[in-house]
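*Asks:* Following is a predicted model, sequence given first.
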Amino acid sequence: MTARGWFVTGTDTEVGKTLVSCALVQHLQARFPRVVGMKPVAAGTIDTPHGPDNEDAMALRAAGNVAAPRELDNPYCLPLPLSPHLAARAAGQVIDIELLAQRYERLAALADAVVVEGAGGFLVPLNDTQTGADLAQRLALPVVMVVGLRLGCLNHALLTAEAIRARGLTLAGWVANRVDPHMARADDNIATLAARLGAPMWAEVPHFAAAAERRITWQAGAAQA
């Protein structure tokens, strides 16, 4: 059986991709016996009893129910919290998209569904010539876009959706994340996106005051197509 897969991208960095990716991993477990998350490239590590690790990769690992080696679920774990191409350069590495595709295939062989969380925004540089868009295109997965609701999000979301489709990829759905609790006319912004994006909104994430409150309610049909 070939695993189903989704690629999660964002309109920017710090818009809640990891929160949404982890919630999607958990949501999919109602339909698929084995669900795993993948963070192909992570920049920024913390010290753990098992050595340096990335918090986003750790969160995805905890959300899933498949035990996978780190070389598969997080092939590039780079020490510095920088743009991936800069973090890799500082670590003396070059991010190889073909290697990432191979690791994805091996990971997908262990699961029934895979959620791949991209780094930063859709066009974030991964090496001197390729971006996150090249990785998404190589994996050929439907894309889930996380929109950070703040001033400027309409332009960012519409540009990202255009870039996704320009690569021949499907924008399967999008998530509205209220990252700025003081954003003016947030509901009107959501309505504008719903009218213009041409893809279903899978969830609307409220602003969370505490980590313990982080729960996402998915719309009917999310991740079904």
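*Replies:* Structure received.
*Asks:* Spit out the contact partners of Q130.
*Replies:* I95, I97 (Cβ atoms under 8 Å, 6 or more residues apart in numbering). Any C-beta I mention is one placed from the backbone N, CA and C, and that applies to glycine too.
*Asks:* what about it, distance to V205?
*Replies:* 30 Å (Cβ to Cβ, to the nearest Å).
*Asks:* cool, Q224 as well?
*Replies:* Counting by Cβ to Cβ, the gap between Q224 and V205 amounts to 19 Å.
*Asks:* again with L139
*Replies:* L139 sits 25 Å away from V205 when distances are taken as Cβ to Cβ.
*Asks:* Scan the protein for its longest strand.
*Replies:* With secondary structure taken from DSSP state E, the chain has its longest strand at strand 113-121.
*Asks:* the strands in this structure, which residues?
*Replies:* Along the chain, the stretches classed as strands by DSSP E are 4-10, 35-38, 41-43, 46-48, 51-53, 76-78, 113-121, 143-148, 171-177, 201-205.
*Asks:* Of the ones you listed, which is nearest L86?
*Replies:* L86 lies closest, by Cβ to Cβ, to one member of the strands of the chain: strand 41-43, at 8.3 Å.
*Asks:* Show me what that closest one is packed against.
*Replies:* Secondary-structure packing of strand 41-43 (3 or more Cβ pairs under 8 Å, 6 or more residues apart in numbering; DSSP states H and E): strand 76-78, helix 84-90, strand 113-121.
*Asks:* Looking at the ones you listed, which one is packed in the most?
*Replies:* strand 113-121 (a mean of 26; mean count of other Cβ atoms under 10 Å).
*Asks:* Only C-alpha atoms, please: export that one in CSV.
*Replies:* What follows is the C-alpha trace of strand 113-121 in CSV, where atoms were taken according to Å, rounded to 0.1, in the frame of the first residue of the first chain:
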residue,chain,number,x,y,z
ALA,A,113,-0.1,8.5,5.9
VAL,A,114,2.7,11.1,6.0
VAL,A,115,2.6,14.8,6.9
VAL,A,116,5.6,16.7,5.6
GLU,A,117,6.3,20.0,7.2
GLY,A,118,8.3,22.4,5.1
ALA,A,119,10.7,25.0,6.4
GLY,A,120,9.7,28.7,6.5
GLY,A,121,7.7,29.9,3.6
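*Asks:* That strand to strand 4-10, inter-axis angle?
*Replies:* Following axes from the mean of the first three to the mean of the last three Cα atoms, to 10 degrees, one obtains 20 degrees for the angle between strand 113-121 and strand 4-10.
*Asks:* what about strand 113-121, average pLDDT?
*Replies:* The average of the pLDDT scores along strand 113-121 is 96.
*Asks:* Can you list the strands that it pairs with?
*Replies:* Using DSSP bridges, the neighbouring strands of strand 113-121 in the sheet come out as strand 4-10 (parallel), strand 35-38 (parallel).
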